[in-house]
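[1] Got a sequence here, can you build the structure:
(one chain, ligands or ions: 1)
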Amino acid sequence: MSSADAFYVTTPIYYVNDVPHIGHAYTTLACDAIARFARLDGRRVRFLTGTDEHGQKVEKAAAVAGMAPQLFTDQVSQRFRELAERMQITHDDFIRTTEARHKAGVQALWRELVRRDQIYLGTYAGWYSVRDESFYAESELVDGVAPTGAPVEWVEEPSYFFRLSTWQEPLLRFYDEHPGFILPASRRNEVIRFVAGGLQDLSVSRTSFRWGIPVPDDPEHVIYVWLDALTNYMTALGYPDVDQLNFRTFWPADVHVVGKDILRFHAVYWPAFLLAAGLAPPRRVFAHGWWTHEGQKISKSLGNVIDPVQLIDDYGLDQTRYFLLREVPFGNDGDFSRGAMVKRMNRDLANDYGNLVQRVLSLIQRNCAGRLPSPVAFTDEDDRLLGAGKALLDRVRTEMAAQALSRALEAIFELVGAANRYVDAQAPWALRKTDPARMATVLYVLAETIRRLALLTQAFLPEASARILDQLAVPADARTLEHYQADAARLLPGTPLPSPTGVFPRFSE
Ligand code: MSP
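    Numbers count the residues shown, from 1 in each chain. Now for the predicted structure:
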């Protein structure tokens, strides 16, 4: 059992057949926001990402590049590492399935499954899609191709099978007993329907190519790439050494975040393998949607691939994070366009959040000699805004507990809106001559509201939030959510503030 305050979040491990694109960046950024929030909220976090390097798809890509698979995967994996760095991802570990620690763990899981009579030798005769690295039943094909549109080929070869069919009832029971295992709920229903429709034993080894982890005691076979890949979530914690501190602390994972296309592997095969090996399944699999580009499927052949590095160069890292995480409810599909991105950045970040911070900090600079003002008595309006600020934390916590990233941001930006309306209504600039004590109170209420907003936005807009907190002179050790509601952590009147500088640029539409 993992410890109560521990939190383990994972991205899928990315195929190294191609360079990273917006889809990969999206999953990783979402997990990063989830991990950052959990850390801010006092959890002991482990955040894992990495690369999926075996299988026919990668072997073929290496052959096309005219390179030995290991050399090829070394290079492409490096690109994913660099992207994570460029996105300032806060992962604790980066696993590659070609590493010795991983191979040993996968072989150990295999042996455990054999020991428990969950694997037997037979012959596979059926369809396989290299692009999806997936077996398909005849009945699943649509006009001769996979339901995903990927081409399939007929495969007939000796193969080991996993007794998936015997796990149908236990899986259905497991979904029933763990209603939060698959999110969003609509996806959960899809998975349950699929499992209820009947499960066939799953081919878990291949003999027609070499690029994989050999089956223990039968090296003619390599282990099916999905059994290999899924196990990364445990090998990165030291599996098979289940007594290792990391394994004991962080398994079972709190959430595997995956795209909707790979939900079946994570929500059906993976818990079945784990239950069959006597191990605890993860607590949750969250399936997010897919991005299209101006209404079109993103694909290399259409030439409409979005390079995340280009977006970050053009608009900034926080802006890219914000747009992707705010624009669509996490779980839904989304459509990307630069126009929509610019609109959203200008409206939410520059006009609303940025302008609030800028207005308040420059009024304090000009009218309060650059020091945090001292409030006197609070009015009802003051209490209302402060109260809304205080209450926001629980709402954001609730949304984040369900990985509802866009809803968390929506709630945060509702407070930005309320604070902007309060500035307009209180017009502190007009109070300087008439009622300086009231002006000081209004500016204090606003500064305190901005402090709370910035504490929360750290998970989503890390760079900008740090700059806002710097400008409010919030000490580095007072930036966790423990300091959100505590009276002792409130801004200290009289504290000198640095001169304000703009945080969010405006882009031309
Ligand atoms: N290697 C497997 C995962 C193994 S996990 C044990 C894999 N890799 S992948 O590189 O093809 O895809 C990784 C992730 O990128 C998936 O979650 C997928 O949904 C996501 N995306 C790929 N294209 C995408 C979009 N256009 N939009 C959003 N996410 C998409 O699958």
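[2] average model confidence for stretch 195-204?
    Averaged across stretch 195-204, pLDDT comes to 97.
[3] in that stretch, what's buried?
    For stretch 195-204, burial by neighbour count (16 or more other CB atoms under 10 Å) applies to 195, 199, 201, 202, 203, 204. The C-beta positions use only the backbone N, C-alpha and C, and glycine is treated the same way.
[4] cool, and stretch 95-104?
    95, 96, 97, 98, 99, 102, 103.
[5] so who does residue 489 touch?
    Taking CB atoms under 8 Å, 6 or more residues apart in numbering, we find residue 489 in contact with 478, 482, 483.
[6] Narrow those residues to those that are buried.
    Buried members of those, scored by 16+ other CB under 10 Å, are 478, 483.
[7] now the buried residues of stretch 195-204 in a markdown table, with distance to the ligand and secondary structure?
    Output for the buried residues of stretch 195-204, formatted as a markdown table (distance: CB to the nearest ligand atom, whole Å; DSSP: H, G, I helix; E, B strand; the rest coil):
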| residue | distance to the ligand | secondary structure |
| --- | --- | --- |
| 195 | 19 | helix |
| 199 | 19 | coil |
| 201 | 21 | coil |
| 202 | 15 | strand |
| 203 | 17 | strand |
| 204 | 14 | coil |
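[8] Between those residues, which sits nearest residue 323?
    Distances from residue 323 to those, taken as CB to CB, are shortest for residue 195 (35.8 Å).
[9] Tell me who's in contact with the closest one.
    Here residue 195 is in contact with 168, 171, 172, 175, 268 (CB under 8 Å, 6+ apart).
[10] The closest residue to the fourth one other than its chain neighbours: neighbour count?
    Okay, so that is residue 175. The shortest distance from residue 175 to any non-neighbouring residue, by CB to CB, 6 or more residues apart in numbering, is to residue 192 (5.5 Å). Using other CB atoms under 10 Å, residue 192 has 17 other residues around it.
[11] Could you report the separation of residue 192 from the ligand?
    21 Å (CB to the nearest ligand atom, to the nearest Å).
[12] related to what we said a few turns ago, among the buried residues of stretch 95-104, which lie within strands?
    95, 96 (DSSP state E).
[13] of the buried residues of stretch 95-104, closest to residue 427?
    Nearest member of these to residue 427, counting by CB to CB, is residue 95, at 55.6 Å.
[14] For the closest residue in space to the closest one that isn't next to it in sequence, which residues are in contact?
    Among residues not flanking residue 95 along the chain, residue 50 sits closest, at 3.6 Å (CB to CB, 6+ apart). When contacts are counted by CB under 8 Å, 6+ apart, residue 50 touches 11, 13, 14, 80, 93, 94, 95, 96, 97, 232, 236.
[15] Can you give the contact residues for the helix or strand harbouring the fourth one?
    For residue 80, the host element (DSSP states H and E) is helix 69-86. Outside of helix 69-86, the residues within contact range by CB under 8 Å, 6+ apart are 14, 16-20, 24-25, 28, 49-51, 53, 58-59, 61-62, 65, 67, 91, 94, 96, 98, 211, 308-309, 312, 317.
[16] what about it and the ligand, touching?
    No - residues of helix 69-86 are not located near the ligand by CB under 6 Å from any ligand atom, the shortest gap being 8.9 Å.
[17] which parts of this protein sit against the ligand?
    When proximity is defined by CB under 6 Å from any ligand atom, the chain lies next to the ligand at 12-15, 23-24, 26-27, 52, 229-230, 232, 258-259, 261-262, 290-291, 298.
[18] Which stretches in the stretch 51-200 of the chain count as helices?
    With DSSP state H, counting those that start in this stretch as the criterion, the stretch 51-200 of the chain has helices at 56-64, 69-86, 100-115, 168-177, 185-196.
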